[in-house]
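Q: this is the structure alone, sequence omitted:
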């Protein structure tokens, strides 16, 4: 999976959780919680979906590493077999 | 038309899920009703056979209107006591074009999918029985890229209606209920540590949120102060036999609902977590059930995630209490002569002074605190 694919997966899951959000305006280095109206239930659903789709186990201690889009890409890049973008 | 809260005066029948002659069992969904709180699935409260459907889809009728006649097992076919369809059927109210969206004959699953895909269901032709819109119709419409302008208009109008409904209920509450307010700070070291250890052992899908500990602690504390688990009706207190904690859930389009986790005290934490997740999901998808809105016996609200340290709620009549929780914070506390920082939350109680006083309310908050200190027993 490439970093672009990870990014697209994260954005798609976010879109399902916060369908009202305009994700084209999402700043990749700013906390999701500061940009989207998501609560702890939404965040748990986000983590569950990431776990299922990327097949990566995510302990609670890693939750802070999922706070921004860039951080998500970095975390999952390090834990999945990342291919170079074409 | 069931009443789904003190603030509800009318509802619009959207669709029947059953037809005359069908056998129904208690708890089954019999109809969909449009209210200011969204589309609600109406459950049957008795076993029997549908004898007559008295109201047609699209009709807006007052709360208390007989919608259908259900013959209980062994009962004879009713006659004299049965309102004729002509008497029972109120003329459909005049609706604006933007309201039409919510009156379309559509299955709950299709409605949810339409919301997710941004499909304007007023422009979808149903291919199901009687023209009912099904999931496949929504998928087809989404593929055809129908616009969602009308949906947005309808959502805005629904939001305005919900705001007016909340305003009416809260104004009534403040006018009629003599509130008193209490607060306490609860040391969350034990529950947080227990939760972290517990979640370490669990796959992500089975993890618990600390909110369910709060919900369960509130439910169990009500055993000790049962008058707070009550409704005030006809100028007197009616203590509820069941403990149904209503949880305030903010909706994405604005506004909030507080549906109940039925039998909260009888559910273990795993069941509560599963049901809480489901409840939040359905509340935001607009597919709550009538009993979840008509049977809360107390409300729990948490604004901690929005940054507030504490929340002093307004009681939702006919309930007599609302419990609030603020955000987790660092609490400087003296222990063994030392000042230490402990994770803590502020718990608050707004209660009706006609049925309890500060002494009992204080015991209730103390019980919540004590129960939270032994999270493994919740």
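A: The structure has been received and is ready for your questions. The structure presented is a predicted model; accordingly, all values stated were derived computationally and were not measured.
Q: can you give me phi and psi for residue B:168?
A: Backbone torsions of residue B:168, given as degrees, to the nearest 10, read phi -60, psi -40.
Q: which SS state does the closest residue to residue A:74 other than its chain neighbours fall under?
A: Leaving out its chain neighbours, the residue that sits closest to residue A:74 by Cβ to Cβ, 6 or more residues apart in numbering or on different chains is residue A:65, at 7.6 Å. C-beta: built from backbone N, CA, C; applies to glycine. Three-state call for residue A:65 (DSSP: H, G, I helix; E, B strand; the rest coil): helix.
Q: kindly report the residues of chain A close to chain B.
A: For chain A, the contact set with chain B under Cβ under 8 Å from any Cβ of the partner chain comprises A:16, A:18-20, A:37, A:39-41, A:44-45, A:47-48, A:51, A:57-60.
Q: buried among these? Need that as a selection in ChimeraX.
A: Selection of buried members from these for ChimeraX, criterion 16 or more other Cβ atoms under 10 Å in any protein chain shown:
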select /A:18,39,41,44,45,47,48,58
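Q: off-centre distance for the one helix or strand in chain A whose mean pLDDT sits lowest?
A: The least trusted helix or strand in chain A, going by mean pLDDT, DSSP states H and E, turns out to be helix A:32-35, with a mean of 86. Chain-centre distance of helix A:32-35: 12 Å, with Cα atoms, centre = their mean, to the nearest Å.
Q: which strands or helices does it pack on?
A: Contact analysis of helix A:32-35 by 3 or more Cβ pairs under 8 Å, 6 or more residues apart in numbering or on different chains; DSSP states H and E lists helix A:40-54 as its packing neighbours.
Q: by contact count, what packs against the helix it packs on?
A: Using 3+ Cβ pairs under 8 Å, 6+ apart: helix A:40-54 touches helix A:3-17, helix A:32-35, helix A:69-79, helix B:269-285.
Q: 7 Å instead?
A: Counting contacts by 3 or more Cβ pairs under 7 Å, 6 or more residues apart in numbering or on different chains; DSSP states H and E, helix A:40-54 packs against helix A:3-17.
Q: on that earlier part again, hang on, the residue nearest to residue A:74 packs against residue A:76?
A: No. Using Cβ atoms under 7 Å, residue A:65 makes no contact with residue A:76, being 9.6 Å away.
Q: more crowded one of these two?
A: A count of neighbours by other Cβ atoms under 10 Å in any protein chain shown puts residue A:76 above the other of residue A:65 and residue A:76, at 24 against 14.
Q: which residues does the residue nearest to the more buried one when sequence neighbours are not counted contact?
A: Excluding the flanking residues, the one nearest residue A:76 by Cβ to Cβ, 6+ apart is residue A:6, at 4.8 Å. Going by Cβ atoms under 7 Å, 6 or more residues apart in numbering or on different chains, residue A:6 touches A:73, A:76-77.
Q: want to try CSV for those residues, with pLDDT as columns?
A: Output for these, formatted as CSV (pLDDT from 0 to 100):
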residue, pLDDT
A:73, 92
A:76, 88
A:77, 87
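Q: between these, which is closest to chain B?
A: residue A:76 (14.2 Å; Cβ to the nearest Cβ).
Q: the nearest residue to residue B:255 once chain neighbours are set aside sits in which helix or strand?
A: Once flanking residues are discounted, residue B:255 sits nearest to residue B:162: 3.9 Å by Cβ to Cβ, 6+ apart. Using DSSP states H and E, residue B:162 falls within helix B:149-176.
Q: who are the packing partners of the very next helix or strand once past that helix?
A: On the C-terminal side of helix B:149-176, the nearest following helix or strand under DSSP H and E is strand B:179-187. Packing partners of strand B:179-187 (3+ Cβ pairs under 7 Å, 6+ apart): strand B:329-335, strand B:338-352, helix B:358-372.
Q: contacts for strand B:179-187, please.
A: Identification of contacts with strand B:179-187 by Cβ under 7 Å, 6+ apart yields B:310, B:312, B:315, B:331, B:333, B:342, B:344-353, B:358, B:361-362, B:365, B:369, B:372.
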